[in-house]
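S.K.: next comes the sequence, and after it the predicted model I'd like to discuss.
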Amino acid sequence: MAEPGVETRTRSSVITARAAASFEPVGRSVATARAFVRDTLQGWGYSDVVDDAVVLTSELVTNAVIHAGTAADVLCLRTEQGVRVEVADRYPEREVPLQGSSEPVAALDRENGRGLLLCAALSSRWGVEYSSTRKRVWFQLDLPDRPVGTRHAGPALPDELLPVADERVRVAVLQVDSAGVVTSWNDDAALLFGYPAEQVVGKHLGDVTAWPQTPGTGTGLVEALRLSRWEGSYGIRGTDGRVVPVYASHLRVRDTHGEPSTVCLLVREYERAVLQTPARTPGGESSGERTVDPFEVFIGSPAPDDLDGLLQRTVERARDMLDGDAAFLLLATDDETELEVRATTGLPSARQRFARVPVEAGTSRYASARMPAVHEDLLAVPGAVPLLNGTGMRSVVTVPLKVEGRLTGSLGVAAEASGRYSNEEALRLQFAADRIALAVESARLGELERLRRGSLSFLVEASDLLAGTLDRDQTLALMAQMTVPTLATWCAVYTIADQASEPYLSYVLHEDEDRIDGLKELLSGIEPPDPVPAPGARVWNAPTEAAQRAALLMSRRQLDRAAPPVSSGIGTTLATAAVVGGETVVLPLVARNRVIGMLTLGKPSDDHFRQEILELAEDLSRRAALALDNARLYSERTAISQSLQRSLLPPGLPQIPGVEVDVIYRAAGEGNEVGGDFYDLFPIRDKAYGFAIGDVCGTGPEAAAVTGLARHALRLLAREGFGGPAVLERLNAAILDEGARSRFLTLLYGELWPQEDGSAVLKVVCAGHPLPLRLRQDGTVEPAAEPQPLLGVMEDLELYEETVTLEPGDVLLCVTDGVTERREGTRMLGDDGLADVLRTCTGLTAGAVAARVLRAVERFAAEPASDDMAILTMRVPEPMQ
């Protein structure tokens with residue numbers, strides 16, 4: 001029965017494709033389900049809704065496999081309107097937390113109960129369906145409306161409103177095969193980017209592409225090349241290492257043989273109007289005259305449908321309107337304390353993009369971005385407009401962008417001549433700013449929403465990856481790989497071992513592998529950043545300054561022919577300088593109130609970070625710091641456990657005349673727990689040796705305490721002259737004296753005397769332990785002792801020892817229960833299975849017998865062993881012929 005108020009069926013639509021998968025009720029299924037949905041939707045070309053679908057699927061599958069503890073079935077259905085995803089579990093009794101219900105919904109900080117709330121917030125439609133055995137939750141994500149195949153004729157515009165382009169417009173035409181390899185590269189491409197065709201053809205397009213990697217704001221290069229059509233902005237790395245911003249239009253075609261490829265048309269970013277597809281004219285518009293929209297008059301029709309395009313069109317129109325040499329537009333941060341450069345024309349945009357300046361730069365009205373301002377000569381007020389420092393601009397007019405009285409940005413136009421602008425131009429520019437402020441704010445909020453959703457998906461996957469390992473080196477690598485190139489061009493991770501240690505450069509990564517060595521050499525030669533615990537990103541200028549000094553010194557040495565040769569070429573040094581020439585920020589890695597390292601992110605020449613990217617990086621650094629500290633604690637615990645485990649085993653085995661001895665010990669698990677299995681072999685007195693193999697109940701410190709007590713007590717009591725039963729009876733009393741800390745112990749203890757006739761006499765006591773097996777020369781196998789009570793349970797034990805004589809060629813095999821209790825499903829190796837293995841060991845040395853038994857145990861089941869194993873073999877060799 002459906003819950004009231006929740007839609008339980010989707011609108012009628014034709015299903016054009018479907019994909020289904022089932023996931024077991026284990027933690028790793030959540031990540032696998034996310035990957036399944038992401039791959040399915042991207043394969044269908046539905047990248048616009050991938051992030052939302054992944055987030056919702058993650059929550060619903062988590063509810064099923066983690067909280068409900070059942071398997072989850074995921075079904076993806078493609079329709080013409082969008083995609084429908086269904087997640088079913090086998091626990092239908094769970095309640096539905098409805099927003100309109102009087103019942104309290106799940107707390108926001110709880111792990112469960114959020115899936116349906118997210119469905120209500122993110123999906124177009126959603127519903128819940130019940131049956132007697134299962135519950136199905138579905139959600140529908142509709143595709144955004146997009147112009148497809150629209151023909152357009154724009155209105156006649158005055159010359160001053162036409163888009164600006166160079167006198168000779170160059171269109172780079174390149175063709176890329178289905179693997180992303182460039183197969184064609186025209187002359188305009190060579191002139192625009194500096195690469196001749198023979199240098200690029202045969203390489204992957206990604207080798208020369210700087211693809212935007214902001215989460216949630218677009219698809220990747222590989223996905224874009226697979227789409228039938230794609231249009232947007234990215235960059236091409238020129239031969240000088242600088243990125244040339246381009247606007248591109250991709251069309252996927254197939255040749256006469258049916259082989260697909262992609263034709264790419266590229267122009268400079270500021271000439272995007274040459275290729276940009278106009279937006280579809282709204283339907284239903286009258287063919288007669290209509291009211292002229294001031295926004296369209298200023299921006300031009302059609303208006304760009306993306307924020308970057310709208311901002312770029314705005315600065316170009318503002319510059320042309322006031323006949324300026326440059327223009328710029330800055331957007332305010334959420335707290336209205338800073339402005340971030342988002343679009344420029346006539347200025348080195350790469351240098352200034354995403355740079356931040358304060359809203360209030362002084363006490364005068366001209367120092368505040370909240371009011372219009374006219375500067376007739378910037379030389380008279382140096383630094384009045386920091387964005388224009390060093391650009392040669394003399395006069396400037398700036399006006400605020402406001403929505404409902406709130407500052408949302410600032411628009412400015414500058415000229416190289418002084419005295420170009422007055423209050424009249426300020427009024428004209430303010431009028432234009434008022435016309436476009438609402439559209440800019442709406443586009444900005446849309447971009448922030450896409451970024452937020454993409455960031456949520458990014459952090460979900462990052463947390464899952466970081467939680468999947470406790471290896472320190474792998475955690476460092478994951479931290480760097482998640483930030484490059486998604487958040488930054490390069491990354492360095494510094495770690496701090498303890499409060500008295502200096503930061504150590506532990507990992508360096510750059511999106512271009514050829515730059516990693518030079519970057520590592522540069523960072524190793526400068527002082528690391530200070531480990532400041534204050535949250536947030538802070539700018540670090542040391543790498544940029546060091547790279548600039550190195551490049552200058554290298555250039556001077558290159559010019560000075562008398563100078564000695566240097567270790568690396570000038571090309572490498574200049575390339576490294578370009579790598580760290582942009583903004584570099586440091587984020588502290590704080591875990592458990594201690595700075596354990598720093599995450600350093602950098603941009604190439606003159607690039608800056610967006611504030612949203614820094615906030616996302618801060619969220620990632622908090623998760624990464626905790627994962628790194630967990631890995632450190634795990635490593636320390638493992639080292640301690642392994643050291644303690646080694647201390648509970650003998651440092652070596654003595655040489656016993658006339659007897660071969662070999663031991664194999666295998667600890668189960670990941671090495672972070674001290675096991676209870678142990679063995680020992682030691683001299684008691686002249687020509688007498690003691691041996692023991694035992695198993696303490698449980699693992700950890702309590703088991704280790706009993707193991708240490710048993711091993712050292714055995715040696716001490718045996719060397720005091722006590723026989724086997726007396727040794728074990730006193731050890732039993734000592735274990736019981738431990739009280740609540742005691743653990744019961746199974747133990748096989750014996751004493752061995754090599755004989756002059758080549759045999760060996762053993763006296764053994766088997767206290768609750770798997771019985772030792774004797775292999776005779778003729779291949780018969782028999783127990784070498786009788787079972788007796790284990791230790792640590794009863795106070796009064798009456799034990800006895802049994803005498804066994806090993807003749808030449810005989811083998812005595814002693815094991816712990818990790819060998820005999822080896823399982824696969826319902827099968828168990830057992831004592832009989834071990835005896836069968838031992839029968840095949842006739843004529844083998846002690847070491848070969850132990851190795852064959854271990855190999856048989858390992859092959860008995862496909863899964864790794866879940867219990868410790870100790871194998872002790874003793875063999876009396878046959879006399880030499």
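M.R.: Cool, the structure landed.

S.K.: make it CA atoms for all contacts and neighbour counts henceforth
M.R.: Fine.

S.K.: where's Arg632, which helix or strand?
M.R.: helix 611-647 (DSSP states H and E).

S.K.: please disregard the earlier target; I meant Leu251.
M.R.: Using DSSP H and E, Leu251 falls in strand 243-254.

S.K.: mind listing what's buried along that strand?
M.R.: Neighbour-count burial for strand 243-254, counted by 16 or more other CA atoms under 10 Å, picks out Val243, Val244, Pro245, Val246, Tyr247, Ala248, Ser249, His250, Leu251, Arg252.

S.K.: need the residues you listed in CSV (columns: distance to Leu771).
M.R.: Putting the buried residues of strand 243-254 into CSV (distance: CA to CA, whole Å) gives the following:
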residue, distance to Leu771
Val243, 75
Val244, 78
Pro245, 78
Val246, 78
Tyr247, 79
Ala248, 78
Ser249, 78
His250, 75
Leu251, 76
Arg252, 73
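
S.K.: widest-spaced pair of the residues you listed?
M.R.: Pairwise distances among the buried residues of strand 243-254 were taken by CA to CA; the largest, 25.0 Å, belongs to Val243 and Arg252.

S.K.: burial of the residue lying closest to Pro304 once chain neighbours are set aside, as a residue count?
M.R.: Leaving aside its chain neighbours, Pro304 sits nearest to Leu310 (5.1 Å; criterion: CA to CA, 6 or more residues apart in numbering). By other CA atoms under 10 Å, 18 other residues sit near Leu310.

S.K.: same deal with the one 3 residues further on?
M.R.: Neighbourhood size, Arg313 [other CA under 10 Å]: 23.

S.K.: that one in helix, strand or coil?
M.R.: helix (DSSP: H, G, I helix; E, B strand; the rest coil).

S.K.: how close does it sit to Glu404?
M.R.: Arg313 sits 23 Å away from Glu404, taking CA to CA, to the nearest Å as the criterion.

S.K.: now Leu448
M.R.: 19 Å.

S.K.: who has more neighbours, those two?
M.R.: More crowded of Leu448 and Glu404, by other CA under 10 Å: Leu448, with 16 against 7.

S.K.: for whichever helix or strand that one is part of, packing partners?
M.R.: Per DSSP H and E: Leu448 is located in helix 423-467. Other elements packing on helix 423-467 under the criterion 3 or more CA pairs under 8 Å, 6 or more residues apart in numbering; DSSP states H and E are helix 50-62, helix 294-299, helix 307-321, strand 373-375, strand 395-403, strand 406-415, helix 472-483, helix 611-647.

S.K.: number of nearby residues for Ser13?
M.R.: Neighbours of Ser13 using other CA under 10 Å come to 11.

S.K.: same check, this time on Asn389
M.R.: Neighbours of Asn389 using other CA under 10 Å come to 13.

S.K.: quick one: pLDDT of the residue nearest to it when sequence neighbours are not counted?
M.R.: Spatial nearest neighbour of Asn389, chain neighbours left out: Gly383 (6.6 Å); criterion: CA to CA, 6+ apart. pLDDT, Gly383: 76.

S.K.: my read is Gly383 is in a strand, agree?
M.R.: No: per three-state DSSP, Gly383 lies outside any strand segment and is coil.

S.K.: pretty sure it sits against Gly390.
M.R.: No: contact criterion CA atoms under 8 Å: Gly383 and Gly390 do not qualify, at 9.9 Å.

S.K.: how about Val764, phi and psi?
M.R.: Phi and psi for Val764, reported as degrees, to the nearest 10, are phi -120, psi 150.

S.K.: give the residue farthest from the middle of this protein.
M.R.: Asp757 (67.6 Å; CA atoms, centre = their mean).

S.K.: how about the backbone phi and psi for it?
M.R.: As for Asp757, its main-chain torsions (degrees, to the nearest 10) stand at phi -80, psi 10.

S.K.: before we move on, the earlier item: list of residues touching the next helix or strand after the strand holding Leu251?
M.R.: Moving toward the C-terminus from strand 243-254, the next helix or strand (DSSP H and E) is strand 260-268. For strand 260-268, contacts defined as CA atoms under 8 Å, 6 or more residues apart in numbering pick out 169-178, 225, 244-255, 274-275.

S.K.: list the buried ones in strand 260-268?
M.R.: Ser261, Thr262, Val263, Cys264, Leu265, Leu266, Val267, Arg268.

S.K.: then stretch 825-843?
M.R.: Met828, Leu829, Asp831, Leu834, Ala835, Val837, Leu838, Arg839, Cys841, Thr842, Gly843.

S.K.: what about it, average pLDDT?
M.R.: On average, stretch 825-843 scores 91.

S.K.: ends of it, what's the gap?
M.R.: With CA to CA, one end of stretch 825-843 sits 33 Å from the other.

S.K.: can I get stretch 67-81 as CSV, trimmed to CA atoms?
M.R.: Extracted C-alpha coordinates of stretch 67-81, given in CSV (Å, rounded to 0.1, in the frame of the first residue of the first chain):
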residue,chain,number,x,y,z
HIS,A,67,20.4,0.2,7.7
ALA,A,68,17.8,-2.4,6.5
GLY,A,69,20.5,-5.1,6.0
THR,A,70,19.0,-6.5,2.8
ALA,A,71,20.1,-6.8,-0.8
ALA,A,72,19.2,-3.8,-3.1
ASP,A,73,17.9,-4.0,-6.7
VAL,A,74,18.6,-0.9,-8.8
LEU,A,75,16.8,-0.3,-12.1
CYS,A,76,17.4,2.6,-14.5
LEU,A,77,14.8,3.4,-17.1
ARG,A,78,15.5,5.9,-19.9
THR,A,79,12.6,7.9,-21.4
GLU,A,80,12.4,10.8,-23.8
GLN,A,81,11.7,13.2,-20.9
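
S.K.: appreciated, that's everything.
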